[in-house]
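Chemist: Take a look and give me a structure for this.
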Amino acid sequence: NRAALAKRAAPCTEPGFSCGYSCPMGEFDLIDRFFKRPVQRADLGVGDDCALLPARPGHQLALSTDMLVEGRHFLSTVAPAHLGHKSLAVNLSDLAACGAEPRAFLLSLSMPRADETWLQGFSQGLLALADAHHCELIGGDTTQGPLNISITVIGDVPQGQALLRSGAQVGDDIYVSGNVGDARLALEAFRGTLSLPEAVFARCRARMEQPTPRVALGMALRGIATAAADISDGLLGDLGHILKQSRVGAQLQANACESLLACRTDMALPEHWLHTCVFSGGDDYELVFTAPASKRDAVLAASSQSMTPVTRIGIVTGGNSTVLLDAAGQPVTSRFASFDHFAKD
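Modeler: This next block holds a predicted model:
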C-alpha cells in the first residue's frame, strides 16, 4: 500500500553514513550501534557529509575498491564475522600489492533487512581486521536490497615507491607468498566435486573465508620488488597481468608451484585437481611479485621481517609467453583459465 511504500522510500539523512531506506531498529541506531567509532587518524569521520583525511607529506594516496555479492563471491552459509573479515581483507590485499600502508576505508552495505545478530557478527569481524591494520572506518552508505558489500580502501605510499604491475624485467625471479589453491579446494568441497578429510576442509575453508592480506610483506618489498599483484582470480591469470603490462614472458617450475598447496602432503590429490587449484584457483589473496636475482637476500629479509613465507617459482623471460616446466624440464601442455566474472560457463 501507499503508506508502506512511502515508509520504505523514506531516505535516511544521517550525515556521513547514509541509508536509502528505513529499517526496524532505525537508520541512525544501526550506524551508531555497529559502525560509528571515534576517529583516530582522520580529521573527521562518520557524522558529516564527507570524511576528511589529511594527506601525509611526501606520500601518494593509494585507493582501491571491491564488491562482494552473495552467491557470487561468498556463500549464504558463511559466518557473518568471517564475511566482515573477508570484505575488508580483499581490499587490504590490493594495498599490499601496491606496497601501500592502510589508512581508512568506506563501507557501502546493501542488505535485505536489519538483522541485529548478523550485523553484530559482521561488524565485529570487519572492525577486528581494521584495528589490526590501523585502518579506520570513516563513512559509507547503507540501503535495503540483496546482500551486497562494497568497500573502498585508502592507503598511502612514499612518493615513487609504489609497487606496480609494469616493472618486471627479463631475468627477474618470480615469487609467491604463502600458499595458494586452498580456497579453490574448499569451494570444490562445497560444490561436492571433491571430498576432503575433515581437518583439511576446515583449514581450506578458513583460507577461503578469512584470507590474510599480506600488507606487511608488500610494504617490506618497497625498493626490492620490480612488480607485484595480488592473487584473487588465480596464480597464472594474475601473474599474467604483470607479464602483459611489463611486456615480458615467464618460465615457471611446476614442482615449485605445486608445493604452494598447503595440504598437498596431507592427502592424495589427482594431478588435474592439484594443477587446477594451484594455477587457476582464486580467492587466495597472496602476492605474486618479481625481483632481480641480485635481491634474493633482500627478498628473504623482507619475508622474515613480515613473517610471511615466500617461494621462488620461476624467472621472467623475453617474449610474451608463459612456459610451465615439469620436473624433467618438459613443458606442461595443459591450459588453466583464471576466474572471469563475465566468462561464459
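Chemist: Next, count neighbours for residue 230.
Modeler: Using other Cβ atoms under 10 Å, residue 230 has 26 other residues around it. Glycine gets a C-beta too; all of them are placed from N, C-alpha and C.
Chemist: Then residue 265?
Modeler: Burial of residue 265, expressed as a neighbour count using other Cβ under 10 Å, amounts to 7.
Chemist: What of residue 50?
Modeler: Using other Cβ under 10 Å, residue 50 is surrounded by 10 other residues.
Chemist: okay but it is in contact with residue 139, surely?
Modeler: Yes. Taking Cβ atoms under 8 Å as the contact criterion, residue 50 and residue 139 are neighbours in contact, 7.4 Å apart.
Chemist: Tell me the backbone dihedrals of residue 74, please.
Modeler: Recorded main-chain torsions at residue 74 are phi -150, psi 150, according to degrees, to the nearest 10.
Chemist: what kind of secondary structure is the residue nearest the centre of the chain in?
Modeler: Relative to the mean C-alpha position of the chain, the nearest C-alpha, by Cα atoms, centre = their mean, is the one of residue 90, at 2.4 Å. Per DSSP: H, G, I helix; E, B strand; the rest coil, the local secondary structure of residue 90 is helix.
Chemist: so how far is residue 233 from it?
Modeler: When Cβ to Cβ, to the nearest Å is the yardstick, residue 90 and residue 233 sit 11 Å from each other.
Chemist: Strands of the protein, residue ranges please.
Modeler: For the chain, the strands defined by DSSP state E cover 17-19, 59-69, 101-111, 136-144, 148-158, 173-177, 227-231, 249-253, 286-291, 310-317, 322-325.
Chemist: Export those as a markdown table, with columns for mean pLDDT and distance to residue 301.
Modeler: Written out in a markdown table, the entries for the strands of the chain read as follows (pLDDT from 0 to 100; distance: least, Cβ to Cβ, whole Å):
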| stretch | mean pLDDT | distance to residue 301 |
| --- | --- | --- |
| strand 17-19 | 44 | 42 |
| strand 59-69 | 93 | 23 |
| strand 101-111 | 93 | 19 |
| strand 136-144 | 87 | 30 |
| strand 148-158 | 95 | 19 |
| strand 173-177 | 98 | 13 |
| strand 227-231 | 97 | 17 |
| strand 249-253 | 94 | 23 |
| strand 286-291 | 98 | 12 |
| strand 310-317 | 97 | 11 |
| strand 322-325 | 89 | 28 |
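Chemist: looking at it, residue 296 is touching residue 172, isn't it?
Modeler: No. Residue 296 lies out of contact with residue 172 (Cβ under 8 Å); the separation is 10.9 Å.
Chemist: Those two: which has the busier surroundings?
Modeler: Ranked by neighbour count (other Cβ under 10 Å), residue 296 and residue 172 place residue 172 first, with 26 against 14.
Chemist: quick one: that one and residue 315 touch, right?
Modeler: Yes. Checked against Cβ under 8 Å, the pair residue 172 and residue 315 is within contact range at 6.8 Å.
Chemist: Give me the below-cutoff pLDDT ranges for the stretch 201-345 of the chain.
Modeler: Regions of the stretch 201-345 of the chain meeting the criterion pLDDT under 70 cover residues 333-345.
Chemist: again, only this time at 50
Modeler: The model of the stretch 201-345 of the chain has pLDDT under 50 over residues 339-345.
Chemist: For the residue nearest to the centre of the chain, which residues are in contact?
Modeler: Listed by Cβ atoms under 8 Å, 6 or more residues apart in numbering, the contact partners of residue 90 are 66, 68, 151, 211, 213, 232, 285.
Chemist: Turn those into TSV, columns for distance to residue 126.
Modeler: What follows is these, written out as TSV (distance: Cβ to Cβ, whole Å):
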residue	distance to residue 126
66	13
68	12
151	9
211	14
213	13
232	19
285	16
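Chemist: From residue 84, how far out is the residue nearest to the centre of the chain?
Modeler: The value you get for residue 90 to residue 84, if Cβ to Cβ is used, is 12 Å.
Chemist: With residue 259 instead?
Modeler: 32 Å.
Chemist: who has more neighbours, those two?
Modeler: Of the pair residue 259 and residue 84, residue 84 is the one with more neighbours under other Cβ under 10 Å, namely 27 against 16.
Chemist: Does the more buried one touch residue 119 like I think?
Modeler: No. Here residue 84 does not reach residue 119: they are 9.4 Å apart, not a contact under Cβ under 8 Å.
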